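**Student:** Structure, please.
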Amino acid sequence: MSAQHTLTYVGARGLAAALNMASLAVFTRLAPTETYGAYLLVLSWALVLYGATCQWPKFSFFALYDEARAGVQAGTVLRLLAVMIGLAALAASVAAALGLVEPRAAAAIVAAVFGMTAFEGSAEIARTRLEVRAVALSIVLRAVLVLGLGSAALLATGDPVHLLLATALANVLAALPACLAIAPLLRGAGSLAEAGRLLAYGWPLVLSFGTAALAQTIDRFVIGGGIGTRELGAYGAVADVLRQSFVVFGDGIALSLISLAKRDARAGGMAAARPVLEDAARALTLVAGFGAVFFLAFDDLVVGVLLGPDYRETALSVIPILVAASILLMVRSYYFGQVIYFAPSSRLDAVASAALLVTTGGLCALLIPRFGLVGAALAVAIGQGVACLVFVLGAGPRLRMPLPLADLGLIALAALACWAAVEGVDALGLGGGVAIPAKLGLIALAAGATAWRFDVAGVAGLAARLGGRSAR
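**Tutor:** Got it, this is the predicted structure:
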């Protein structure tokens with residue numbers, strides 16, 4: 001089951017990532033860097049508002065899910081989300097009234113928060129219920145709609161606010177498959193007692209998610225305010241390429257393996273979940289190692305294909321550092337950070353988020369004036385590393401996420417050997433028509449062999465079963 005779940009989720013995330021890359025390629029050609037930078041700035045405010053209001057109920061639901069109370073829990077979460085959207089709208093209205101943001105931008109921010117809440121909330125409940133196909137369909141549908149509606153908005157007006165509204169609508173429409181899969185649960189009655197349990201677990205997340213959202217966008221606020229939206233457009237575009245690439249796999253692994261581990265932990269404690277969690281650690285290390293090799297080998301090609309020509313010089317200057325930052329983000333969010341779902345409280349997430357904000361914000365203030373965009377990338381990478389350490393050191397021995405160190409070290413060595421082989425191909429001075437396929441083949445072969453050797457996400461076992469069936 002773990003292999004099928006992982007392949008379904010990662011496949012959906014992979015297809016969605018390809019479509020999102022296509023969206024980025026189209027958007028950066030339809031929009032000048034200033035326009036795309038302005039869109040990223042407004043989107044950043046929407047992400048902070050979403051993190052501070054509407055993100056915590058879905059995680060509380062996943063952590064406290066009980067099959068016997070599923071209907072009441074889902075109905076309660078739905079009502080809590082409605083209240084949180086109201087609070088988000090109130091906060092945006094106050095900001096507009098005080099002149100902190102234009103009224104139409106405030107309205108677009110609220111629409112974006114509503115869209116994120118509808119999509120993420122329905123997908124979280126559906127994945128907790130192991131509705132794999134419905135969640136996968138929603139994931140792919142959102143990517144299709146963002147490409148179509150976003151392109152239409154830029155072609156029609158070229159307005160960054162309209163682009164944000166288009167992505168909000170895409171989120172709402174893409175939530176429909178997941179909503180249909182959990183429709184019986186959504187008709188469940190709310191419960192004040194259940195709301196109290198969800199809030200008792202999740203109140204630290206109200207602080208931590210808002211703090212984390214601010215920490216993960218503060219570099220963009222500083223760049224947009226201190227350097228300019230043109231530079232922010234180029235920096236944010238390449239950061240989004242890398243984050244999307246690593247997060248898509250991390251999210252797919254978490255959606256599948258962490259969901260199964262949580263189910264096993266409910267039945268037999270942390271010890272029962274250990275094998276699945278160790279498999280998740282191997283999978284994330286594989287993605288991190290060979291993903292880094294790919295982007296370092298093909299940075300110029302990736303930038304040329306995915307981003308407009310105005311973005312190229314800035315993107316190439318920060319790619320190596322942002323690769324490290326994206327890997328640390330993936331590991332923090334989709335492995336070490338998942339410890340809160342096995343703990344009675346989510347306080348550790350709040351501590352990690354505070355450390356992330358203080359480190360990233362402080363370093364942005366110090367490094368961006370001196371080193372510009374490279375300083376911003378360094379601040380993000382170091383901040384993610386500090387947050388990882390908080391999860392590793394803050395979890396007690398009973399709850400600490402397991403690390404099969406010998407296997408992880410061998411996977412990392414395999415990736416390093418692959419990188420050396422790729423560098424060897426470059427040293428031969430072959431033409432692009434030969435070198436590019438050769439390097440792609442090396443990376444694919446090495447990653448596939450490593451996944452097979454360690455049976456990452458059960459792929460070797462699944463292939464053996466499929467081979468047995470075809471033989472019969």
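
**Student:** Any stretches of the stretch 351-472 of the chain with poor pLDDT?
**Tutor:** For the stretch 351-472 of the chain, residues meeting the criterion pLDDT under 70 lie at 399, 432, 457-472.

**Student:** rerun that using 90 as the cut-off
**Tutor:** Along the stretch 351-472 of the chain, segments meeting pLDDT under 90 span 351-354, 387-404, 426-436, 452-472.

**Student:** repeat for the stretch 201-350 of the chain
**Tutor:** Scanning the stretch 201-350 of the chain for pLDDT under 90 picks out the ranges 201-217, 220-221, 223-281, 283-284, 298-319, 326, 329-350.

**Student:** let's see it at 70
**Tutor:** Within the stretch 201-350 of the chain, the ranges that satisfy pLDDT under 70 run 254-256, 334, 340-341, 344-346.

**Student:** And the helices in it?
**Tutor:** Here the stretch 201-350 of the chain has its helices, by DSSP state H, counting those that start in this stretch, at 218-226, 229-253, 259-297, 299-306, 312-334, 347-371.

**Student:** ditto for the stretch 51-200 of the chain
**Tutor:** Shown for the stretch 51-200 of the chain, the helices assigned by DSSP H, counting those that start in this stretch span residues 56-64, 70-97, 103-128, 132-156, 160-174, 176-181, 183-186, 192-215.

**Student:** Same list, those, but as TSV with mean neighbour count and distance to residue 278 please.
**Tutor:** Every residue, glycine included, has its C-beta placed from N, CA and C. TSV is the format used below for these (neighbours: other Cβ atoms under 10 Å; distance: least, Cβ to Cβ, whole Å):
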stretch	mean neighbour count	distance to residue 278
helix 56-64	22	21
helix 70-97	18	29
helix 103-128	23	21
helix 132-156	20	22
helix 160-174	22	33
helix 176-181	20	29
helix 183-186	14	32
helix 192-215	20	26
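
**Student:** what's the neighbour count on residue 304?
**Tutor:** Around residue 304 there are 15 other residues, counting by other Cβ atoms under 10 Å.

**Student:** do the same with residue 320
**Tutor:** By other Cβ under 10 Å, the residues close to residue 320 number 16.

**Student:** Hmm, it is touching residue 292, no?
**Tutor:** No: in this structure, residue 320 is not within contact of residue 292 by Cβ atoms under 8 Å, at 9.0 Å.

**Student:** Now tabulate the helices of the stretch 51-200 of the chain in JSON lines and tack on distance to residue 241.
**Tutor:** Converted to JSON lines, the helices of the stretch 51-200 of the chain look like this (distance: least, Cβ to Cβ, whole Å):
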{"stretch": "helix 56-64", "distance to residue 241": "27"}
{"stretch": "helix 70-97", "distance to residue 241": "28"}
{"stretch": "helix 103-128", "distance to residue 241": "20"}
{"stretch": "helix 132-156", "distance to residue 241": "14"}
{"stretch": "helix 160-174", "distance to residue 241": "17"}
{"stretch": "helix 176-181", "distance to residue 241": "26"}
{"stretch": "helix 183-186", "distance to residue 241": "35"}
{"stretch": "helix 192-215", "distance to residue 241": "20"}
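
**Student:** Residue 353: which of those is closest?
**Tutor:** helix 192-215 (3.9 Å; Cβ to Cβ).

**Student:** domain ranges for the protein?
**Tutor:** Per automatic domain parsing, the structural domains of the chain span 31-203, 216-462.

**Student:** Just put these in a markdown table and tack on distance to residue 17.
**Tutor:** Listed next are these as a markdown table, based on distance: least, Cβ to Cβ, whole Å:
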| stretch | distance to residue 17 |
| --- | --- |
| domain 31-203 | 8 |
| domain 216-462 | 4 |
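
**Student:** show me the contacts for the nearest residue to residue 156 once chain neighbours are set aside.
**Tutor:** What sits nearest to residue 156 in space, not counting adjacent residues and going by Cβ to Cβ, 6 or more residues apart in numbering, is residue 162, at 7.2 Å. By Cβ atoms under 8 Å, 6 or more residues apart in numbering, the contact set of residue 162 is 153, 154, 156.

**Student:** which one among those residues gets closest to residue 378?
**Tutor:** The nearest member of the contacts of residue 162 to residue 378, counting by Cβ to Cβ, is residue 154 at 31.9 Å.
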